[in-house]
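Asker: when you get a sec, could you give me coordinates for this:
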Amino acid sequence: MKAILAPAVTLLLLTGVLPTVAAQSGRPSTPPAAPQTFDARTGEATNGAQILVDFKKRIDAYLKVHDEAKKNAPPMKQTTDSGAIKEAQDALGARIRELRADARQGDIFTPQIAGHFRTLLTAPLNSEDGHKTKEILKDDAPPPSKINFAVNAKYPSSETLPTVPARVLQHLPTLPKTLEYRIIGKALVLRDNDADIIVDFFPNAIP
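Answerer: Coordinates of the predicted model:
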C-alpha cells in the first residue's frame, strides 16, 4: 500500500497541490512578526503594531478637536483669494488652540511612537539611495531657525512647505487629509492643513 501512495504524494509535492490543500484546511498560518522597537524610557521591547494602534487613537482624538473647532469657525470655502484663505485658517487655528490649550509636545508623538517612527525612517534614509532622499528633504526646506517648533504654533506663511519624498511617506502611517507630515532639519512635524498649525513634532527624527 505504501508503494502505491508514495508516488502520488511525490506528484502532489511537485505540483504544489499539497501545500494548497494544507492552506485551505482551516489551520491558522503563522503571521509575520511585527517590527520590534524599544521604549525610550524603560528600554523594554514593544510591539510595533501596538504602537501604531496607539498613534491612530491619538490622531483620531485630535480630529475630534479639529471637527469641534470647525463648528464655530468660518466655513472653509474654495477660493483663490489668499486673504480669505488665511483668515479662515487663522480663525480655525485660534479655535483649536482654545480647545487644546493644555496640549504639549509628545501628546501624539509619545516617546514610544517617536522611537518607532525613527525606526521606520531608517530604511528609506539609510538605504543605498538614502543620500539622495536626504538631499530632497533639504532642497526646499526652510532653515529650522525660521520655524517655531511649538504645539499649536502657526506655520510661518513666509516659509516654504518642504517636500516629503514618496519613498519616505511609504514607510509612515497614512494620515487623513486634514493632516500631513513635514520634515524640517531633523525634526518630523505633524501639521494641520486647514488650520496651518503644528499639531505635534519631535526632534532628531532623521538618522
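
Asker: please count neighbours and contacts with C-alpha atoms only from this point.
Answerer: Noted.

Asker: residue boundaries of the strands in this protein?
Answerer: Along the chain, counting by DSSP state E, strands occupy 36-38, 45-47, 179-184, 187-192, 197-202.

Asker: tell me the contacts of the nearest residue to residue 138 once chain neighbours are set aside?
Answerer: Excluding its sequence neighbours, the residue lying closest to residue 138 (CA to CA, 6 or more residues apart in numbering) is residue 185, at 7.4 Å. Contacts for residue 185 (CA atoms under 8 Å, 6 or more residues apart in numbering) come out as 138, 141, 143, 144.

Asker: tell me the least confident of those?
Answerer: Here the lowest pLDDT out of those sits on residue 138, with 89.

Asker: which of the strands of the chain sits closest to residue 120?
Answerer: Proximity to residue 120 (CA to CA) singles out strand 36-38 among the strands of the chain, at 10.0 Å.

Asker: what average pLDDT does that closest one get?
Answerer: 56.

Asker: where in the protein is pLDDT low?
Answerer: Counting by pLDDT under 70, the chain shows low-confidence ranges at 1-46, 76-80.

Asker: which parts of stretch 113-127 are buried?
Answerer: Within stretch 113-127, the residues that count as buried by 16 or more other CA atoms under 10 Å are 113, 114, 115, 116, 117, 118, 119, 120, 121, 122, 124, 125.

Asker: contacting residues for the second one?
Answerer: Neighbouring residues of residue 114 by CA under 8 Å, 6+ apart: 202, 205.

Asker: for the longest helix anywhere in the chain, packing partners?
Answerer: In the chain, taking DSSP state H as the definition, the longest helix is helix 48-71. The contact analysis (3 or more CA pairs under 8 Å, 6 or more residues apart in numbering; DSSP states H and E) places helix 48-71 against helix 82-99, helix 111-125.

Asker: and of those helices, who's closest to residue 166?
Answerer: Nearest to residue 166 among those is helix 111-125; the distance by CA to CA comes to 9.9 Å.

Asker: next up, the contacts around the nearest residue to residue 203 once chain neighbours are set aside.
Answerer: Nearest in space to residue 203, with sequence neighbours left out and distances taken as CA to CA, 6+ apart, is residue 187 at 4.2 Å. Contact partners of residue 187, counting by CA under 8 Å, 6+ apart, are 201, 202, 203, 204, 205, 206.

Asker: make a ChimeraX selection of the buried ones in those residues.
Answerer: With 16+ other CA under 10 Å as the criterion, this ChimeraX line picks the buried residues out of the contacts of residue 187:
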select :201,202,205,206
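
Asker: tell me the two of the contacts of residue 187 that are most distant?
Answerer: Using CA to CA, the contacts of residue 187 span at most 12.5 Å, a distance reached by 201 and 206.

Asker: quick check: neighbours shared by those two?
Answerer: The contact sets of residue 201 and residue 206 overlap at 187, 188 (CA under 8 Å, 6+ apart).

Asker: roughly how far does residue 190 sit from residue 144?
Answerer: Using CA to CA, to the nearest Å, residue 190 is found at 15 Å from residue 144.

Asker: so between these two, which is more surrounded?
Answerer: Ranked by neighbour count (other CA atoms under 10 Å), residue 190 and residue 144 place residue 190 first, with 21 against 13.

Asker: residues contacting that one?
Answerer: Residues in contact with residue 190 (CA under 8 Å, 6+ apart) are 179, 180, 181, 182, 198, 199, 200, 201.
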